[in-house]
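Chemist: Dropping a prediction and its sequence here:
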Amino acid sequence: VSASSQASPASIEASKLSTVPPEMKAWVYGEYGGVDVLKLESNFSVPDVKDDQVLIKVAAAALNPVDFKRRQGKFKNTDSPLPTVPGYDVAGVVVKVGSKVKEFKEGDEVYGDIHEKALDGPKQFGSLAEYTAVEEKLLAPKPKNIDFAQAAALPLAIETAYEGLEKTGFSAGKSILVLNGAGGVGSLVIQLAKEVFGASRIAATASTGKLEFLKSLGVDLAIDYTKVNFEDLPEKFDVVYDAIGQGDRAVKAIKEGGSVVALTGAVTPPGFRFVVTSNGEVLKKLNPYLESGKVKPVIDPKGPFPFSQVVEAFSYIETNRALGKVVIHPI
Ligand SMILES: C/C=C1/OC(C)=C(O)C1=O
């Protein structure tokens, strides 16, 4: 066989990537409800890519509270049509690119939150599948020093953490109290507040068994919420980041002129609530902190859950007791 006809290992690898099957495995629900509505389908159509999208061979995904709230129908008024493939966070390899895609090519390792607006018309077909189609503007190159499972644990939570800190005008020398500091978003708020924004002092709440974990993230004051009401403490903070839904209590823990940023639940002024907007540029901006190891993904040690155990993964995240993120890997 002449050298010219012998395919190189790289082209063999690339050709494997480029042979996208017409059907795939995907987790799907056709009605809103409990984990019993989740079904693993084997012959689900692989999505087409629009001009500005890439097709990703999914290596890992992660669950967020929005996944189970959406499945329960809490956001049905602004949801896309059923059936739904759940999943916001993805990490994987590009296997096809749309005609207007400029930054990525087949074989690139990428990650991101695939739904630009978390609650307002999220895609019908999410990341809990073997392939998913995503706008390139929502993606970033995977950091070189972390694997796909670790990368999948980041996007929605780290973008929520960053956007909330930015919206409060958090800056160097300020103090912050993070409610649910051991959770998916809270564990990243702590790290970003310390490493990116230069917090002077960080306090956080968690249950008894997670206090040492908070301190390992760089928390100065770890508050055991099973024993202490944070709002009764004499210390007050410039910002309270409410990542659990205790907005009514959070406003009692801020200094004069301070602010409360909340993700869910009722808020009273000066508190405000926001919903994350996915943006690959945020991931790119944070890449140096990720590649240096200053900011690290947190994966709950009960995981990663294999693709066959998505029901178990949903049941676990719905306990609201997860440490960091619930990751699905391998897929
Ligand atoms: C990820 C976005 C969310 O927005 C609300 C109100 C929640 O509960 C979410 O998880």
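Modeler: Nice, I can see it. Every value quoted in this text rests on a predicted model; they were computed, and no experiment measured them.
Chemist: hey, let's count contacts and neighbours off CA atoms from now on
Modeler: Fine.
Chemist: Below-threshold pLDDT in the protein: ranges please.
Modeler: 1-18 (pLDDT under 70).
Chemist: mind listing what the closest residue to the ligand within the stretch 101-250 of the chain touches?
Modeler: Distances between the stretch 101-250 of the chain and the ligand by CA to the nearest ligand atom are smallest at A118, namely 5.4 Å. By CA atoms under 8 Å, 6 or more residues apart in numbering, A118 lies in contact with V66, V275, V276, T277, S278.
Chemist: and the gap between the last one and L221?
Modeler: Counting by CA to CA, to the nearest Å, the gap from S278 to L221 is 31 Å.
Chemist: Who are the contact partners of H329?
Modeler: Taking CA under 8 Å, 6+ apart as the test, what H329 contacts is A59, A60, A61, A149, P304, F305, P306, F307.
Chemist: Looking at these, which one is closest to Y131?
Modeler: Using CA to CA, A59 comes nearest to Y131 of the contacts of H329, at 9.0 Å.
Chemist: which one is that closest one nearest to, not counting chain neighbours?
Modeler: Leaving aside its sequence neighbours, A59 sits nearest to G92 (CA to CA, 6 or more residues apart in numbering; 4.6 Å).
Chemist: What are the buried residues along the helix or strand hosting the one you found?
Modeler: Taking DSSP states H and E as the definition, one finds G92 inside strand 89-97. Neighbour-count burial for strand 89-97 flags D89, V90, A91, G92, V93, V94, V95, K96, V97 (criterion: 16 or more other CA atoms under 10 Å).
Chemist: do stretch 213-227 as well
Modeler: Using 16+ other CA under 10 Å as the test for burial, stretch 213-227 gives F213, L214, L217, G218, V219, A222, I223, D224, Y225.
Chemist: Report the distance from it to the chain centre.
Modeler: Chain-centre distance of stretch 213-227: 22 Å, with CA atoms, centre = their mean, to the nearest Å.
Chemist: likewise stretch 87-94?
Modeler: With CA atoms, centre = their mean as the basis, stretch 87-94 stands 10 Å off its chain's centre.
Chemist: neighbouring contacts of it?
Modeler: 54-64, 67, 104-115, 126-128, 142, 148-149, 151-156.
Chemist: got the CA coordinates for it in CSV?
Modeler: In CSV, the C-alpha atoms belonging to stretch 87-94 read as follows (Å, rounded to 0.1, in the frame of the first residue of the first chain):
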residue,chain,number,x,y,z
GLY,A,87,-29.0,19.0,30.7
TYR,A,88,-27.3,22.5,30.6
ASP,A,89,-23.6,21.7,31.3
VAL,A,90,-21.6,19.9,28.6
ALA,A,91,-17.9,18.9,27.9
GLY,A,92,-16.9,17.0,24.8
VAL,A,93,-15.4,17.1,21.4
VAL,A,94,-16.5,19.0,18.3
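Chemist: Can that stretch be said to contact the ligand?
Modeler: No - for a cut-off given as CA under 6 Å from any ligand atom, stretch 87-94 has no contacts with the ligand; the smallest distance is 8.9 Å.
Chemist: if we can go back for a sec, from F274, how far off is the residue of the stretch 101-250 of the chain closest to the ligand?
Modeler: From A118 to F274 the distance is 11 Å (CA to CA).
Chemist: picking that back up, how far off strand 89-97 does the following helix or strand past the strand holding G92 point, in degrees?
Modeler: Using DSSP H and E, the helix or strand that follows strand 89-97 towards the C-terminus is strand 109-113. For strand 109-113 against strand 89-97, the angle by axes from the mean of the first three to the mean of the last three CA atoms, to 10 degrees is 130 degrees.
Chemist: Run the contact check for strand 109-113 versus the ligand.
Modeler: No - using CA under 6 Å from any ligand atom, strand 109-113 never reaches the ligand; the gap is at least 10.2 Å.
Chemist: Make a ChimeraX selection of the buried ones in the contacts of stretch 87-94.
Modeler: Remark: buried members of these, expressed as a ChimeraX selection using 16+ other CA under 10 Å:
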select :54,55,56,57,58,59,60,61,62,63,64,67,104,106,107,108,109,110,111,112,113,114,115,126,127,128,142,148,149,151,152,153,154,155,156
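Chemist: Name the residues of the protein found near the ligand, please.
Modeler: P65, V66, A118, L263, T264, V275.
Chemist: Now do the contacts for the closest residue to the ligand within the stretch 151-300 of the chain.
Modeler: Closest residue of the stretch 151-300 of the chain to the ligand, CA to the nearest ligand atom: T264 (4.5 Å). Going by CA under 8 Å, 6+ apart, T264 touches A243, I244, G245, R273.
Chemist: Pull the contacting residues for whatever residue of the chain ends up closest to the ligand.
Modeler: Residue nearest to the ligand within the chain: V66 (3.7 Å; CA to the nearest ligand atom). By CA under 8 Å, 6+ apart, the contact set of V66 is A118.
Chemist: can you do 6 Å?
Modeler: Contact analysis of V66 by CA atoms under 6 Å, 6 or more residues apart in numbering lists nothing.
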